[in-house]
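Q: Quick one: sequence and predicted model below, then my questions.
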Amino acid sequence: MTDIASFFDRYGWVYEELEPALWRSSFFTETEEEYDLYVMLVDDWVHFAVSPVLPPVAPEAVPRLHRTLLTLNQQLRLVSFALDGDGDVNLVASAPAQQISYHFFVQIVQAFVFYTDRLASELRRMATDPAYYSPLVG
């Protein structure tokens with residue numbers, strides 16, 4: 001069985017096990033925004049999510065935001081944007097549990113931190129200011 005807790009320990013991140021096979025940790029971006037990282041082990045798969053990267057946005061911003069997220073998904077590596085049932089924008093990744101080594105875990109976590117740091121505030125500004133154009137998110 002994949003030992004997610006030992007991966008967090010080895011990486012040096014504080015975490016809590018919310019329930020069996022579900023862990024939560026958090027991290028800060030360079031702009032001091034805090035985000036939650038969830039890791040869940042389900043049926044031989046490990047699912048990762050930074051949730052939420054962006055809470056639901058005004059209905060008039062949805063088409064532009066969704067186009068941007070779909071475009072960004074073609075450029076991201078290891079992770080992708082997804083919408084949950086509440087309308088939150090999340091960063092997600094999944095992999096077979098048998099393939100999750102410590103080094104792969106670290107790559108996924110680093111990808112989450114990198115993309116959250118680079119894109120979250122740009123997406124938020126784009127979603128709330130229709131006149132804003134970001135060179136990072138188009």
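A: Nice, thanks for sending it over.
Q: what's across from residue 17 in the sheet?
A: Counting by DSSP bridges, residue 17 is bridged to residue 23.
Q: What of residue 45?
A: With DSSP bridges applied, residue 45 shows beta-bridge pairing to residue 42, residue 96.
Q: check contacts around it.
A: Neighbouring residues of residue 45 by CB atoms under 8 Å, 6 or more residues apart in numbering: 94-97. Backbone N, C-alpha and C define where each C-beta goes, glycine included.
Q: what about 10 Å?
A: Contact analysis of residue 45 by CB atoms under 10 Å, 6 or more residues apart in numbering lists 2, 94-100.
Q: Pick out the lowest-pLDDT one from those residues.
A: Least confident by pLDDT among the contacts of residue 45: that is residue 2, with 76.
Q: How about that one: what's its closest non-neighbour residue?
A: Spatial nearest neighbour of residue 2, excluding adjacent residues (CB to CB, 6 or more residues apart in numbering): residue 97 at 4.5 Å.
Q: same deal with residue 50?
A: Nearest-residue entry for residue 50: residue 91, 4.3 Å, with adjacent residues in sequence omitted and distances by CB to CB, 6+ apart.
Q: Just the element for that neighbour, please.
A: Using DSSP states H and E, residue 91 sits in strand 89-96.
Q: what angle do the longest helix along the chain and strand 89-96 make?
A: The longest helix of the chain (DSSP state H) is helix 102-128. On the basis of axes from the mean of the first three to the mean of the last three CA atoms, to 10 degrees, helix 102-128 is oriented at 160 degrees to strand 89-96.
Q: circling back: neighbour count and distance to residue 53 for the contacts of residue 45 - can I get that in CSV?
A: Putting the contacts of residue 45 into CSV (neighbours: other CB atoms under 10 Å; distance: CB to CB, whole Å) gives the following:
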residue, neighbour count, distance to residue 53
2, 20, 24
94, 14, 17
95, 16, 20
96, 10, 24
97, 14, 24
98, 11, 28
99, 10, 25
100, 20, 22
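Q: of those, closest to residue 47?
A: Ranked by distance to residue 47 (CB to CB), the contacts of residue 45 are led by residue 94 at 4.9 Å.
Q: Sweet, I'm off.
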